[in-house]
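>>> kindly return the folded structure for what I paste below:
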Amino acid sequence: MCPVVREYARSNTVIINAFLGQTVQRYIDRLEAKLTGAGHRRPLLLMQANGGVVHREELTPIGTLGSGPSGGVIASKFVADAMGHTNVITTDMGGTSFDVGLIVDGHWQYLREPVVNRFHITWPMIAIESIGAGGGTIAWIDPVTGRLRVGPKSAAADPGPVAYDAGGTEPTVTDADIVLGLIDPDYFLGGRMRLHKAKAEQAIRDRIAGPLGMDLTEAAAGIYDIINSHMSDLIRKQVVTTGKVPEEFVLYAFWGAGPVHATAFGSELNIGKIYVFPTSAVFSSLGVATADVIHTRSLSYRYMMPVKPAVFNARMAEIEKELARIMAREGFTRSQVRFRRTFYMRYRRQLNELDVEVPVKTYGPADIQRIMAMFERKYEDVYGEGSAYREAGIEVISFQVDAIGRTPKPVLALLNRQVATIVNVGEVRDRFAADGADPAPAISADEFKKAYNHEVATWGKLVKTMKEEK
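Down below sits the predicted model:
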């Protein structure tokens, strides 16, 4: 099932896959029955955590773990390709968690050894890191230190924030957002749900502000600052592993709470551009709708570099032949399948390796030298200039190949919003100053409109391109 090194993770993968098998199949049976009853007559495509969809006959049950959040990264890749963004930080902030993924040099990354609950597995999953930081995350006072803490516990959607008036009693991030005026309680869900600001204020006053000797606004701002710091720390931790800095990325903010906090944690990281799309509230669903059919195979063999090109060519042919058979069952001819190769490489006697995307071709001696140079460039990108040491010897320990069959893509509609309806930035700045807060950055309304027009034009080009492709 997964002929790769590291026996513990490999064993866990097989055991968990067997454990999930019947449960997943029963779920798909029920889903198919409901869809058929509703008139659906086409075969199902099911999301996998490697970033692709498959028919149920080719489904690996363990591949469904983490497949939902992967949709947000897939949607980000879809939009980033059209808009020319090669480095993107994807941020998914919902009610319970904050999920961060990265698109680096035009593609998402895979976790080498994902952890499911507490079990290490070895199955390709898009690299997404999560912390307990969402709209429902609870603010509390540490009984030992007497300090304000936020998370990781959550009120979730039921009972939810105190402002929902559904039985929640613990103040949450959403309650703080309401108190600070970041969420309009009269226009939640487009006005379909009214929030109770007074109850949010009372919960923060009783549970946080009073015990800490703070006023209401200070307490709410403390909750806001702490949760934003948690999120910026997670992003920084993710980005540093790529050998880049946050300033080299643009940031996509999606799901319900992400856009509310994106400017705060984005500014902490000195990120220049933050994108909130019309589809941000359903971004993961958009990703599933845009996903290609993808199958991934991994294989471990240890080779000291430089190796004879025929050895690599034989291994790649072996893996890609197997994948071509699978893709044929999915309905793709060999000419319709694109392959993506990744070599996992390290210096001799090291325990950890780096993933290096290599060209798909028949290799010659010069290509082997180029692959070694690619590894050393990435090593220095991640660990610093001068850290490469070819004299130690370079090893390839595993191969991973993606087989990709392109699917039809949805067409997005352009929202023809009038720039004239944008709030005058100068008026906002003056209002903040009148309220005793620090003035907003001195940007004129004309400057803001110019920037807005540029982004609308960019989104328009994206929509036009997708319509032409269709």
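
>>> for burial, what's the neighbour tally of E218?
For E218, the count of nearby residues is 12 (other C-beta atoms under 10 Å). C-betas here are computed from N, CA, C, even on glycine.

>>> next helix or strand past the helix or strand harbouring it?
E218 is part of helix 216-240, with elements assigned from DSSP states H and E. Per DSSP H and E, helix 216-240 leads on to strand 250-254 as the next helix or strand towards the C-terminus.

>>> angle of that following strand against helix 216-240?
On the basis of axes from the mean of the first three to the mean of the last three C-alpha atoms, to 10 degrees, strand 250-254 is oriented at 120 degrees to helix 216-240.

>>> note down every partner strand of strand 250-254 and its orientation.
When pairing is defined by DSSP bridges, strand 250-254 lines up against strand 88-93 (parallel), strand 274-275 (parallel).

>>> could you export the helix or strand following it as CSV, CA atoms only?
Note on strand 250-254: by DSSP H and E, the next helix or strand toward the C-terminus is helix 258-268. Provided in CSV are the C-alpha atoms of helix 258-268 (Å, rounded to 0.1, in the frame of the first residue of the first chain):
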residue,chain,number,x,y,z
GLY,A,258,-10.6,35.0,8.2
PRO,A,259,-11.3,38.3,6.5
VAL,A,260,-12.2,39.9,9.8
HIS,A,261,-8.7,39.3,11.2
ALA,A,262,-6.5,39.2,8.1
THR,A,263,-5.4,42.8,8.1
ALA,A,264,-4.3,42.4,11.8
PHE,A,265,-2.2,39.3,11.5
GLY,A,266,-1.1,40.2,8.0
SER,A,267,0.3,43.6,9.1
GLU,A,268,2.3,41.8,11.9
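
>>> and helix 258-268 with helix 216-240, angle?
Relative orientation of helix 258-268 and helix 216-240, computed by the same axes, to 10 degrees: 70 degrees.

>>> contact partners for the closest residue to M305 other than its chain neighbours?
Once flanking residues are discounted, M305 sits nearest to I394: 4.2 Å by C-beta to C-beta, 6 or more residues apart in numbering. Contacts for I394 (C-beta atoms under 8 Å, 6 or more residues apart in numbering) come out as M304, M305, M345, R346, Y347, R348, M372, F375, E376.

>>> quick check: the gap between I394 and G151.
In this view, I394 and G151 are 42 Å apart by C-beta to C-beta, to the nearest Å.

>>> cool, G106 as well?
Here G106 is placed at a distance of 33 Å from G151 (C-beta to C-beta).

>>> when the two are compared, which one has more neighbours?
Between G106 and G151, G151 has the larger neighbour count (other C-beta under 10 Å), namely 22 against 14.

>>> contacting residues around M1?
Residues near M1 by C-beta under 8 Å, 6+ apart: T13, V14, N17.

>>> may I have the predicted confidence score for it?
Here the pLDDT value assigned to M1 is 80.

>>> and the strand or helix carrying Q25, how far from the chain's centre?
Q25 is part of helix 7-37, with elements assigned from DSSP H and E. Its chain's C-alpha centre and that of helix 7-37 lie 24 Å apart, by C-alpha atoms, centre = their mean, to the nearest Å.

>>> show the subsequent helix or strand relative to it.
strand 45-47.

>>> after that next one, next one along is what?
Downstream of strand 45-47 (by DSSP H and E), the next one is strand 53-55.

>>> for that following strand, which helices and strands make contact with it?
Secondary-structure packing of strand 53-55 (3 or more C-beta pairs under 8 Å, 6 or more residues apart in numbering; DSSP states H and E): strand 45-47, strand 293-304.

>>> buried residues in it?
Under the neighbour-count criterion of 16 or more other C-beta atoms under 10 Å, strand 53-55 has V53, V54 buried.

>>> likewise stretch 22-34?
Neighbour-count burial for stretch 22-34, counted by 16+ other C-beta under 10 Å, picks out V24, I28.

>>> what does it rub up against?
Here stretch 22-34 has contacts from L44, L46, R56, L59, P61, T64, using C-beta under 8 Å, 6+ apart.

>>> K199 is nearest to which of the strands paired with strand 250-254?
Proximity to K199 (C-beta to C-beta) singles out strand 88-93 among the strands paired with strand 250-254, at 22.7 Å.

>>> could you export the closest one as PDB, CA atoms only?
The C-alpha coordinates for strand 88-93 follow below in PDB (Å, rounded to 0.1, in the frame of the first residue of the first chain):
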ATOM      1  CA  VAL A  88       0.600  32.500  -1.400                       C
ATOM      2  CA  ILE A  89      -0.300  32.100   2.200                       C
ATOM      3  CA  THR A  90      -3.700  30.500   2.500                       C
ATOM      4  CA  THR A  91      -5.600  31.200   5.800                       C
ATOM      5  CA  ASP A  92      -8.800  29.500   6.700                       C
ATOM      6  CA  MET A  93     -10.300  30.800   9.900                       C
END
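
>>> off-centre distance for that strand?
Taking the mean of its C-alpha atoms, strand 88-93 sits 5 Å from the chain's own mean (C-alpha atoms, centre = their mean).

>>> what's the first helix or strand after it?
Scanning forward in sequence from strand 88-93 by DSSP H and E, the next helix or strand is strand 98-104.

>>> elements contacting that next one?
helix 67-83, strand 88-93, strand 128-131, helix 216-240.

>>> from those, which stretch is densest packed?
Mean neighbour count (mean count of other C-beta atoms under 10 Å) peaks for strand 88-93 among the helices and strands packed on strand 98-104, with a mean of 27.

>>> how about residues contacting that strand?
Under the contact criterion C-beta under 8 Å, 6+ apart, strand 88-93 has outside partners 69, 72-73, 76-77, 80, 98-103, 133-135, 231, 235, 238-239, 246, 249-258, 260-262, 265, 271, 283-284.

>>> outline the domain layout of this structure.
As assigned by automatic domain parsing, the chain contains the domains 7-128+244-290, 137-228, 293-405, 419-469.

>>> how about these in CSV, adding mean pLDDT and distance to M1?
Formatted as CSV, these follow (pLDDT from 0 to 100; distance: least, C-beta to C-beta, whole Å):
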stretch, mean pLDDT, distance to M1
domain 7-128+244-290, 92, 6
domain 137-228, 95, 33
domain 293-405, 95, 10
domain 419-469, 42, 37
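
>>> can you say which of those is nearest to V411?
It is, among these and with distance given as C-beta to C-beta, domain 419-469, at 5.1 Å.

>>> so who does L59 touch?
With C-beta under 8 Å, 6+ apart, L59 has these contacts: V24, I28, L46, Q48.

>>> tally up the residues packed near the residue lying closest to the last one once chain neighbours are set aside, please.
Setting aside the residues directly before and after it, Q48 is nearest to G63 in space (C-beta to C-beta, 6+ apart), at 4.1 Å. By the criterion of other C-beta under 10 Å, G63 has 24 neighbours.

>>> wait, G63 sits on N50?
Yes - using C-beta atoms under 8 Å, G63 makes contact with N50 at a distance of 6.5 Å.

>>> now for the two: what residues contact both?
P124.

>>> report the central residue of the chain.
G101 (3.2 Å; C-alpha atoms, centre = their mean).

>>> and that one, what are its bridge partners?
Here G101, judged by DSSP bridges, has bridge partners T90, I128.

>>> same check, this time on the one 10 residues further on
Legend: beta-bridge partners of L111 under DSSP bridges are M125.

>>> please consider this matter closed, and thank you.
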